[in-house]
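1. the following block contains a protein sequence and its predicted model.
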Amino acid sequence: MTSTGMNMMSRIIFYEDRNFEGRSYECMSDCPDMSSYLSRCHSCRVERGCFMVYDRTNYMGNQYFMRRGEYADYMSMMGMSDSIRSCRMIPMYRGSYRMRMYERENFGGQMYELMDDCDNIMDRYRMSNCMSCNVMDGHWLMYEHPHYRGRMMYMRPGEYRSFMNMGLSGMRFMSMRRITDSFY
């Protein structure tokens, strides 16, 4: 895995009110619990890098991908609640991308290897479900619907033996996208 020095410069600023008003909290790395810094969050500004923000502490709950830009009222724009409780910095990665996805838990059933984006696993692989995966290289976003729509999940290198055990019961992943340096 190749990371760059840009990771140290990632920065996101959360604001309690819309249009970057009210109390603010700045993050330059992972933060498992933001509730002591802000009571709510209605806008944010990503100055550098990419982040996943979560509506529960310890990187749990609904996830939202934030890349460089200003989100003056992202709560209503993205259908998010006002309770952003944790955030994770996504390190910049330059290298090959590789993920194996499996139709059953514990790496069972049909296996397909991805090295690029897949906008619809049903169309490409005739696969109706993805229940586990092994991310060997790169950082990925997995979406519940084809064409990169619906709820998403950030996947960094590692083994994910059961999506159901991760609190994703009933959620199916139907498309996957690499987080490439073009997002930064």
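-> Okay, I see it. What you are looking at is a predicted structure, and each value in this text was computed from that prediction instead of being measured.

2. okay, now R45: neighbour count?
-> Using other C-beta atoms under 10 Å, R45 has 18 other residues around it. Yep, even glycine has a C-beta here, placed from its N, CA and C like the rest.

3. likewise for M171?
-> 14.

4. could you do R149 as well?
-> By other C-beta under 10 Å, the residues close to R149 number 12.

5. quick thing: my sequence starts at 42, can you match it?
-> Noted, 42 is the first residue going forward, which turns the last one into R190.

6. how about it: what's its closest non-neighbour residue?
-> Nearest-residue entry for R190: Y184, 6.0 Å, with adjacent residues in sequence omitted and distances by C-beta to C-beta, 6 or more residues apart in numbering.

7. just R109 next, same as before
-> Sequence neighbours aside, V87 is the residue nearest to R109 in space, at 5.0 Å (criterion: C-beta to C-beta, 6+ apart).

8. who's the one you found bridged to?
-> When assigned by DSSP bridges, V87 has beta-bridge partners I53, G110.

9. where's the residue of the chain positioned farthest from its centre, which helix or strand?
-> Of all residues in the chain, the one whose C-alpha sits farthest from the chain's mean C-alpha position, using C-alpha atoms, centre = their mean, is G63 at 26.4 Å. Assigning secondary structure by DSSP states H and E places G63 in strand 62-68.

10. neighbouring strands - and their directions - for that strand?
-> Checking strand 62-68 against DSSP bridges gives partners strand 52-58 (antiparallel).

11. report the contact partners of R129.
-> D71, F92, M93, Y95, Y100, Y195 (C-beta atoms under 8 Å, 6 or more residues apart in numbering).

12. check the gap between it and Y195 for me.
-> The spacing between R129 and Y195, counted by C-beta to C-beta, to the nearest Å, is 7 Å.

13. what's the overlap in contacts for these two?
-> Counting by C-beta under 8 Å, 6+ apart, the residues touching both R129 and Y195 are M93.

14. distance of the spatially most central residue of the chain from M69?
-> Nearest to the centroid of the C-alpha atoms of the chain, with distances taken as C-alpha atoms, centre = their mean, sits Y195, at 3.2 Å. Taking C-beta to C-beta as the criterion, Y195 is separated from M69 by 18 Å.

15. hmm, back to that, contacts only, for the residue nearest to R109.
-> For V87, the set of contacting residues under the criterion of C-beta under 8 Å, 6+ apart consists of R52, I53, M107, R108, R109, G110, E111, Y112.

16. same thing with M75?
-> Under the contact definition (C-beta under 8 Å, 6+ apart), the residues listed for M75 are F55, Y66, C68, C82, T98, I125, R126, S127, C128.

17. can you say which helix or strand has it in it?
-> Using DSSP H and E, no helix or strand contains M75.

18. quick check: it vs I54, distance?
-> For M75, the distance to I54 (C-beta to C-beta) stands at 12 Å.
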